[in-house]
Every structure is written in C-alpha cells, then in structure tokens.
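**Q** sequence and predicted model, in that order:
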Amino acid sequence: MPQMNMVEAINDALRHEMRRDPRVVVMGEDVGKVGGVFRVTRDLVEEFGTERVIDTPLSEGGIIGTAIGMALYGMVPVPEIQFSDFIFPAFDQIVSEVAKFRWRSGGEYPAKMVIRTPVGGGIRGGLYHSQSPEAYFIHTPGLKVVCPSNPYDAKGLLLSAIRDPDPVLFFEPKRAYRAVKRDVPEGEYTVPLSKAAVVREGRHVTVIAWGAMLYEALEASNRAAEQGIDCEVLDLRTLWPVDIDAIVESVKKTGRVVVVHEAPKTCGFGAELIALINEKAFLHLEAPPVRVTGWDTPFPYTLEMDYLPLAGRILPAIVETARF
Amino acid sequence: MEDLRHEFVLDDVVGVLGPDGDADPDTDPRLSDAECVALYGHLAMARRLDATLRALRDEGRIANLTGAPGDDAVGAAAASALTAGDWLFPGVCDAASVLARGVSLDAWMAHALGTADDPAKARQRPDHFSSRADRVVGTNPRLASQTTQAAGLAWAMRMRNDRHAVLCLLDGASAEAGEFHNGLNFAGVFRAPVVFLSRAHQGVAVAQKAFAYGVQPARVDGGDPLAVVRVVRDALSRAREGHGATLIEAQVPDHDGALARLRTHLTRRGTLTPALDGELTARCDAALAAAVERASHASAPALSTAFDDVFATAPWHLAEQRARATT
C-alpha cells in the first residue's frame, strides 16, 4: 500500500473521483498548470484538461458564485480557496447562497459543492495565512464542515464529501499537509461524514480535537499518562453535523472533558461542544469542561507557537480537569 | 480578443416604435400578430398584477414591494424572448418576467401569499419566485448576487454543449455592486452564453462597462417593448451560437409608457381593437382575482416543513429541534 502525505492523498482523491464522475470539476486560482498554491491539484489538468481543472480569475466571490451556477445546472464543483483566510470575499456567496439555496428553493436547487481550503497556523504564515474560521460556517444552517487530521481520513472524507448531497466546507490543516505520511489505499474507499474517531482510548479525561491540533492532544495525553492520567482522545473529523453520540458516550465514561482548537476562544466551536455536553451529559460530569484554544486576538506572526494550543498548554488543562 | 467596439456605438439606443406607433423596419423583431398580442398581454398583466399586489400589501396580506415602475415591463418583454430550454434569473420584483416565462399565475400567487402550493414552499417573501420546472432561479434581494451564478450556469451549459442561453435580469443599481463586476468578468473570460439585462434609470450609463470585460454591450429604449424583444433575442442568439455574453442596458423612462406604446402599434397594425383591449384587461383582472381567491383558501406550510431542505436529510440536531417545535 502506498505511503502518502495529506497533499498526495487529497490529490489522489480528486483524481479518483474525477475519473469516476464526469460532473466533478476542480476550479480556483492557479489550480491548473501550477497545481494550486500547495500543489494539491498537481498534474490534474494534464489528465482532465482545462475544462475540468479550471484556472479562474482571482476573485473568491466570483469563484463560489460561478460554482453555484454550475451546481444548479448539475455539475459537482470542487472549488479551492487558496487560504481559508481569503474565504471572506466569498462569505456572502457561501452563507447567503450556497447554504440556503436548497432550503429557499423548496429543495429544488441544491447548490452542492465541496469548498476545499487550507486552514490553521504553525507554518509562519502570519495573520492572513493562519486563521481557523470554522465557527462562522458551522453557525450557518445548511453547511457541513469537515477537517481531517491525516492522509487516510483526508482521502476517505473528501470522497464522502464530494458524494454527499449537501455543500461541504473541507478544511485542510496546512500544518499537517506534509508532516504526516500514512498508508493510503489506492482506488476506492470512503470515511463516513459525521463519524468521529477514537484515536486513543482512556478512562479519565476526554480530549476532543481535530486537524493539526489532534497531534498536540495526543502528545499531551501521552505526557499525562506519565502522571497516571488516562486520556481518551476523539478526532472529530467532521465538525458539523458533529458525531454527538461519540462525544456523549466518551464523556459519560470519563466525566471530564478538554476541548482543543486553534480558533479564538469566544464563540469558537468549543463553546458549542461544551453547551451540547452540558445539555446531554451534565449529570455525568465530574469537573467543569475546559477549553484550550487560540487567544481572542488576531493570529500573531512572531508568537504563533504561543498562540497555538500546543501540548504544553493542553497538558496542564488535562491535569487540572483530572484532579478537580 | 475581438474588438467589440466595431459593433457598438455608445450613443446607439435601439428603438423600434416611432411616436405614431410605426415599427422601424431596420430594427423591428417582426413578431407575428399572435406573438405581439401575447406580448401585449404580458405587459397588461404586469400592470394589473402590480395593482393587485399593491392592494394586497395595503391590506397587510403581503410584505412590502420595492419594484421600480417600468422595470417589470422590460423584464416581461425580455423573458418573452426565451425558449423553453433557456434559463431565467429574475431580479426582485420581476413577477411579470416570471409569468411571461410561462409560470402559472396560481403557482406565483401561492408564492406571493405564502401557501404550501408555492414550488419553493413559501420560504421567501413575495417576488423571489423559484421553480426548477420552469428553469427560473429565484434570487436574493442583495442586488447583483445572482450575476456570478448566472455566469456559472451558462458556463456549465457551454461545457455540456447545451445550446441554450441564460437571461439574468438586474435591477437599477446593480452595476454599482461588486458582484456585478465579478459576474461580468467571469462571463467574459469564459465566453459564457449569458445575457445580462440591466434596467437603468435617469440616464445612468451601464453598457460601456461591458468593454472592460470583453462582453458585448447593447443599449435599448426600455419603454419600447419591441426593441427590448429585438435586442434580447439577438443577444440570446449570439450566446447560443457561442459568441459569449452580452450586457444590455435598458433605459427605463420615469413614466412607464411601454403598454401604451405597444397599444398604439397594435392598433395601427389593426390587431387590437378597443373591445379586444378591454377584454384582455378584464381577462387579466379575472385571472388575478381567481388566483388570489384560490391562494387565500390554501393552507400555509406545516410547521414541521421548516426543518426540511436545510440538508438533504435532517441531521440529529434538526430532528431534535423539529420534534420540540411540533410537540
């Protein structure tokens, strides 16, 4: 079985699905000849041509607006936004149009597409190449939000996302793009949406993470084990609709929970997760749920490793929660 | 890129009807008598519908309306140039264009009065009609937001060798919105088979913006329905034949005289008598009254349907909310 990093796995998924389904087109800024800013769409144009691997004008609102028209006609666009920090010129088309088209047309016009975009910090990208805007989209009815942590899941989740009837925001953690290699099967397989993975079983504290922060959560959990604290680590994989059953099941077992995310704390997805845990597992809680997140500041360039909720910040939260 | 300027002089405003109702043979779209009477019927319906909607609004039965007088007549004339395989993106307050497209008055009134019979399940306020069966894509009230979508749909048609075209109706100030320029840019780059029709008021100039995007410009007298048909028909043909997008600027007069001008023309042609005119108007009013009556007795959508179509299948959180809302 070939070993791939996440960039190669996503490229493989796109190639596989474009061979399988002629409705699938890739579009975005420099996705053709250049192969995208991170080379995720490398060489696709050679196989599928410029009609299916489309270099667009540099306008995110235009990319998503035209992708909507293509979707209404019955194509399956997979637009790339170069960085999730650049998604905001397309924000209106995504939240007012993509998210609402199926509903406002009484089910007649689903604007089904998969918007791929790199997310997160830790690559010296600075303020405008590092942010994690998932909460805006989770808050908007009608959008699904996915964020894989490893190459195997990235391919399997992307194939599920492209085949899903609803629009999907597919956030690719750029810090994990080339950092991890895994066995990735050639050809067909899928990872279902809305299913979390228990990547470490444990009894004392549930640690919830996704994307690049999963590795920090695992590192912190390994260090906690040295202090006799046995963490269970959940990789959400799909952020919305979230796998609520997996979360509740784990929290009922441990009674303690730490949520980790890169985005700012206030109104971050962690707030929603903890509200859901309170609604559905309150009587099982043994300690107040804790968030370890980015600060409520813009993303700093020079201090990015302090801003990010790395293992060194997660570990004390785990210990505090375990000993509450 | 070909130099579009050879084909267009900015001062050219296409007109057909002279002051006495005669058609200019150089620009006349040469509609048959039946087509011309049908067009007249669409414009008459636009006027009577407007009166009906204003009455419904004053009774508090529908939300406020914001259409500019005369825009609806331009939209109706333009939509009458479409064929069944074409697509229409109406603006807001473009009911007349939707009816000219062939949508039934009952379906439209179900939409306006928010009943369960609306093809879009009564989820938008009046005059955002949507129906896939009619290839009508309902819009969002933010001006020009449909411009890129129309370009994208047209571009997809071209990729699929579908030899039809898209008509995108734009309201007065649309050309001031960023999305207008995005849409023109994408349509120009991809030579998409789309016709943008911008209703312009008080001499605002829009057509020359087309040059910057490699889109064919055209300018038409919006108070002259035959001229609108002619220019839109030509632009749709051009799109279907693979020559790309057109931006039409329809100058809409402050006082809408489109119906009167077409009446003069039809009378001069000997196709319309005062008796037939009266009969057409009475038929519009009767159809409107009947449609309002039927919609008034239809039920509103069930509460539980609010949770449908957010996603293809309601996930756990919507199932929970639906259960709580309906018990």
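**A** Cool, got the structure. Computed from a predicted structure; not experimentally measured.
**Q** and the strands in the stretch 51-200 of chain A?
**A** A:53-55, A:76-80, A:114-119, A:144-146, A:168-173, A:182-183, A:197-200 (DSSP state E, counting those that start in this stretch).
**Q** next: chain B.
**A** For chain B, the strands identified by DSSP state E occupy B:87-89, B:166-170, B:194-201, B:216-221, B:246-252, in order along the chain.
**Q** rebuild the strands of the stretch 51-200 of chain A as a markdown table, extending it with mean neighbour count and distance to chain B.
**A** No exception for glycine: its C-beta is placed from N, CA and C like everyone else's. Putting these into a markdown table (neighbours: other C-beta atoms under 10 Å in any protein chain shown; distance: least, C-beta to the nearest C-beta, whole Å) gives the following:
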| stretch | mean neighbour count | distance to chain B |
| --- | --- | --- |
| strand A:53-55 | 22 | 8 |
| strand A:76-80 | 25 | 8 |
| strand A:114-119 | 26 | 14 |
| strand A:144-146 | 27 | 8 |
| strand A:168-173 | 26 | 11 |
| strand A:182-183 | 14 | 29 |
| strand A:197-200 | 17 | 18 |
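**Q** what's the closest of the ones you listed to B:Tyr40?
**A** Closest of those to B:Tyr40 is strand A:76-80, at 41.8 Å (criterion: C-beta to C-beta).
**Q** centre of the chain to that closest one, how far?
**A** 16 Å (C-alpha atoms, centre = their mean, to the nearest Å).
**Q** let me see the contact set for B:His317.
**A** When contacts are counted by C-beta atoms under 8 Å, 6 or more residues apart in numbering or on different chains, B:His317 touches A:Pro241, A:Ile244.
**Q** and it, how far from A:Asp243?
**A** To A:Asp243, B:His317 is 12 Å away according to C-beta to C-beta, to the nearest Å.
**Q** returning to that earlier point: let's have the strands of chain B in a markdown table, adding mean pLDDT, distance to chain A and mean neighbour count.
**A** Output for those, formatted as a markdown table (pLDDT from 0 to 100; distance: least, C-beta to the nearest C-beta, whole Å; neighbours: other C-beta atoms under 10 Å in any protein chain shown):
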| stretch | mean pLDDT | distance to chain A | mean neighbour count |
| --- | --- | --- | --- |
| strand B:87-89 | 98 | 8 | 27 |
| strand B:166-170 | 97 | 8 | 30 |
| strand B:194-201 | 95 | 9 | 28 |
| strand B:216-221 | 95 | 19 | 24 |
| strand B:246-252 | 96 | 16 | 28 |
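**Q** got TSV for the ones you listed, with distance to B:Arg125 too?
**A** Output for the strands of chain B, formatted as TSV (distance: least, C-beta to C-beta, whole Å):
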stretch	distance to B:Arg125
strand B:87-89	18
strand B:166-170	18
strand B:194-201	20
strand B:216-221	30
strand B:246-252	23
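**Q** for A:Pro300, which non-adjacent residue is spatially closest?
**A** Spatial nearest neighbour of A:Pro300, excluding adjacent residues (C-beta to C-beta, 6 or more residues apart in numbering or on different chains): A:Tyr307 at 5.3 Å.
**Q** which pLDDT value belongs to B:Ala73?
**A** At B:Ala73 the predicted local confidence, pLDDT, stands at 93.
**Q** how many other residues sit next to it?
**A** Here the number of neighbours of B:Ala73 (other C-beta atoms under 10 Å in any protein chain shown) works out to 31.
**Q** show me what contacts it?
**A** When the contact criterion is C-beta under 8 Å, 6+ apart, the partners of B:Ala73 are B:Leu43, B:Ala46, B:Arg47, B:Ala96, B:Gly222, B:Pro225, B:Asp256, B:Ala258, B:Leu259.
**Q** how about the first one: what's its closest non-neighbour residue?
**A** If I follow you right, that is B:Leu43. Once chain neighbours are set aside, the closest to B:Leu43 by C-beta to C-beta, 6+ apart is B:Leu259, at 4.6 Å.
**Q** try the second one
**A** Of all residues not flanking B:Ala46 in the chain, B:Ala96 sits nearest, at 3.5 Å (C-beta to C-beta, 6+ apart).
**Q** hang on, the earlier thing: wait, what's in contact with the residue nearest to B:Leu43?
**A** With contact taken as C-beta under 8 Å, 6+ apart, B:Leu259 is in contact with B:Tyr40, B:Leu43, B:Ala44, B:Ala46, B:Arg47, B:Ala73.
**Q** what confidence value was assigned to the nearest residue to the last one once chain neighbours are set aside?
**A** This means B:Ala73. Excluding the flanking residues, the one nearest B:Ala73 by C-beta to C-beta, 6+ apart is B:Ala258, at 4.1 Å. Confidence at B:Ala258, expressed as pLDDT, is 93.
**Q** how about the stretch 1-150 of chain B: which residue is closest to chain A?
**A** Minimum separation of the stretch 1-150 of chain B from chain A (C-beta to the nearest C-beta) falls at B:Thr148, amounting to 2.5 Å.
**Q** helices along the stretch 1-150 of chain A, start to end?
**A** A:6-20, A:44-48, A:60-73, A:91-92, A:101-104, A:134-138 (DSSP state H, counting those that start in this stretch).
**Q** tell me the pLDDT of A:Glu80.
**A** In the predicted model, A:Glu80 carries a pLDDT score of 98.
**Q** I'd say A:Pro141 and B:Asp309 touch.
**A** No - if you go by C-beta atoms under 8 Å, A:Pro141 and B:Asp309 don't touch, sitting 10.4 Å apart.
**Q** what do the two both touch?
**A** The contact sets of A:Pro141 and B:Asp309 overlap at A:Trp103 (C-beta under 8 Å, 6+ apart).
**Q** more crowded one of those two?
**A** B:Asp309 (23 against 14).
**Q** please name the residues that touch the more buried one.
**A** A:Arg102, A:Trp103, A:Ser105, A:Gly106, A:Gly107, B:Lys121.
**Q** for these, which one is nearest A:Ala179?
**A** Using C-beta to C-beta, A:Arg102 comes nearest to A:Ala179 of the contacts of B:Asp309, at 36.5 Å.
**Q** any stretches of the stretch 1-150 of chain B with poor pLDDT?
**A** Where the stretch 1-150 of chain B drops to pLDDT under 70, the residues are B:1-11, B:66.
**Q** what does it have sitting close to chain A?
**A** For the stretch 1-150 of chain B, the residues in contact with chain A (C-beta under 8 Å from any C-beta of the partner chain) are B:118-121, B:123-124, B:128, B:130-132, B:137-138, B:140, B:142, B:145, B:147-150.
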